[in-house]
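1. got a sequence here, can you model it:
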Amino acid sequence: MSPKNRDRPTARRTALRNAHPASEADPSLNREVFLNVPYDKEFVDVFVAYVAGLVMLGLSPRASLEIPGGEARLDKITGLIGLCAYSVHDLSRVELDLADPPTPRFNMPFELGIVVDLHRKRGSEHTWYVFESNERRLKKSLSDLAETDPYIHDGTPRGVLCELLNAFVSSPRQPTMQQMNEVYLLLRDSLNGILSRAGSATPFKARAFKDLLAAARSLATAAPRAR
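-> Below you'll find the predicted structure:
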């Protein structure tokens with residue numbers, strides 16, 4: 001990751017707001033983050049970094065993979081997004097999948113569109129962030145967001161951790177980069193055992209994701225206390 005991207009002032013980041021109440025009781029207590037990322041084997045390490053980083057920041061990752069299939073799935077995804085105070089949208093894999101038939105990846109921008117629609121229709125607080133691995137691609141792939149300043153992670157777990165620190169600068173916990181990376185490495189080392197116990201070949205299944213979160217929380221609790 002270039003120093004330019006790492007040192008960019010947080011004040012210049014564009015965080016747009018949507019319309020769903022963060023928490024009916026007290027919005028300030030809502031620490032849930034909807035994680036809109038690709039679910040494929042090449043993204044596993046980056047996905048684990050998102051989970052480890054968000055948990056270390058005192059936040060609670062949520063994802064559409066928690067939701068069972070069915071005709072009401074889209075409504076349930078929209079409802080889940082609305083329950084979260086924040087959302088992270090990783091558009092680094094909006095590219096052509098060469099498997100037959102060759103097809104672009106639309107799920108991530110589609111779910112980002114749900115957030116924008118909620119924002120336009122309702123207008124209450126939900127902060128969302130766009131993450132990318134290529135600083136210039138967003139202006140080409142989604143030019144309507146040309147004024148949005150994405151968080152550039154260079155496609156690496158360390159880059160994701162660094163940009164999460166920049167995005168969530170007011171989070172409940174403020175760990176150091178070293179603390180976050182140590183928890184990420186421990187969680188990554190634990191992944192095979194987590195998947196084995198969940199009977200899954202991938203973390204992108206409901207039970208495996210649940211167990212991954214539990215492991216991340218346990219490691220974060222055991223880590224030296226963040227400020």
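2. residues in contact with the residue lying closest to residue 73 once chain neighbours are set aside?
-> Spatial nearest neighbour of residue 73, chain neighbours left out: residue 67 (6.0 Å); criterion: C-beta to C-beta, 6 or more residues apart in numbering. C-beta coordinates here come from the backbone N, C-alpha and C atoms, glycine included. Going by C-beta atoms under 8 Å, 6 or more residues apart in numbering, residue 67 touches 73, 76, 77, 80.
3. go again with 10 Å.
-> By C-beta atoms under 10 Å, 6 or more residues apart in numbering, the contact set of residue 67 is 73, 74, 75, 76, 77, 79, 80, 206.
4. can I assume the last one is in contact with residue 62?
-> In this case it means residue 206. No: if you go by C-beta atoms under 10 Å, residue 206 and residue 62 don't touch, sitting 11.6 Å apart.
5. so between those two, which is more surrounded?
-> Neighbours around residue 206 and residue 62, counted as other C-beta atoms under 10 Å, are more numerous at residue 62. The numbers are 21 against 14.
6. specify the beta-bridge partners of that one.
-> Beta-bridge pairing for residue 62 (DSSP bridges): residue 34.
7. pLDDT wise, what is it at?
-> pLDDT recorded at residue 62 is 96.
8. from the contacts of residue 67, list the buried ones, please.
-> Buried members of those, counted by 16 or more other C-beta atoms under 10 Å: 77, 80.
9. in helices, which of the contacts of residue 67 fall?
-> Mapping these onto helices (DSSP state H) picks out 73, 74, 75, 76, 77, 79, 80, 206.
10. what about the helix or strand containing residue 117, average pLDDT?
-> Assigned by DSSP states H and E, residue 117 belongs to helix 107-122. For helix 107-122, mean pLDDT is 71.
11. after it comes which helix or strand?
-> Next along from helix 107-122, by DSSP H and E: strand 127-132.
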